[in-house]
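**Q** Next comes the sequence, and after it the predicted model I'd like to discuss.
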Amino acid sequence: MVDALERLIALEDIRAVKARYFRCVDSQDWDGFAAQFAADAVFDISDDLPDTVVHGAANIADKARTSLIGCQSVHHGHCPEIELLSPTTARAIWAMEDMLRWADSSAPIRELHGYGHYHETYEKIAGRWVIKTLKLTRMRVDTVPR
């Protein structure tokens, strides 16, 4: 497998990928957001939008961009359970909380405050860790209607 130092470096690199994911989505840096995913990544957000599974880094970023037009978001990830499966693959579960506020009066809701988990796999491609699959599961969602 990997030695202790390589394992610690991999875990820290994976944490940094997720930190950039949160920063990029909240700052609406869509190129930076897309760069956190493998080119053929799969993003399952069917808990939020039934039957919605998005394929490909560019499509994932575009889906996030269009979903968050006119929205101020704050995403937090906590308590990662990261398991290194091989020198180039890993999986993790992150506890999450997000707050979203839409200024646009045509949005169906004004605010969303959610809690749940990200279930992810990672791959090290060309020396860099990226998200390969992501499934968001929700435990609770509080909304404020328009």
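**A** Perfect, I can see it now. Just so it is clear, the structure is predicted and the values come from calculations on it, not from any experiment.
**Q** what helix or strand does R101 sit in?
**A** Here R101, judged by DSSP states H and E, is contained in strand 89-102.
**Q** List the buried residues for that strand?
**A** 90-94, 96, 98, 100-102 (16 or more other CB atoms under 10 Å). Bear in mind the C-beta positions are built from the backbone N, C-alpha and C, glycine included.
**Q** Run through the helices of the protein in chain order.
**A** All helices of the chain, identified by DSSP state H, fall at 4-27, 30-34, 57-67.
**Q** What sits closest to R110 if chain neighbours are left out?
**A** Excluding its sequence neighbours, the residue lying closest to R110 (CB to CB, 6 or more residues apart in numbering) is V144, at 4.7 Å.
**Q** ugh, wrong one, I meant L136
**A** The shortest distance from L136 to any non-neighbouring residue, by CB to CB, 6+ apart, is to I45 (5.3 Å).
**Q** okay, the angle between the strand holding R101 and helix 4-27?
**A** 20 degrees (axes from the mean of the first three to the mean of the last three CA atoms, to 10 degrees).
**Q** circling back: what's the closest of the helices of the chain to Y118?
**A** Closest approach to Y118 among the helices of the chain is made by helix 4-27 (7.9 Å; CB to CB).
**Q** Confirm for me that V130 is in contact with F33.
**A** No: counting by CB atoms under 8 Å, V130 does not reach F33; the two are 11.8 Å apart.
**Q** So which of these two has more stuff around it?
**A** Taking neighbours as other CB atoms under 10 Å, V130 and F33 compare with F33 leading, 23 against 18.
**Q** picking that back up, can you pick out the most distant pair from the buried residues of strand 89-102?
**A** With CB to CB as the measure, no two of the buried residues of strand 89-102 lie farther apart than A90 and W102, at 34.3 Å.
**Q** need the contact list for the residue nearest to R110.
**A** 109-112 (CB atoms under 8 Å, 6 or more residues apart in numbering).
**Q** Go again with 7 Å.
**A** Residues in contact with V144 (CB atoms under 7 Å, 6 or more residues apart in numbering) are 109-111.
**Q** Now, of these, which are buried?
**A** Buried members of those, counted by 16+ other CB under 10 Å: E111.
**Q** Between the contacts of V144, which sits nearest H75?
**A** Nearest to H75, judged by CB to CB, of those is E111 at 14.4 Å.
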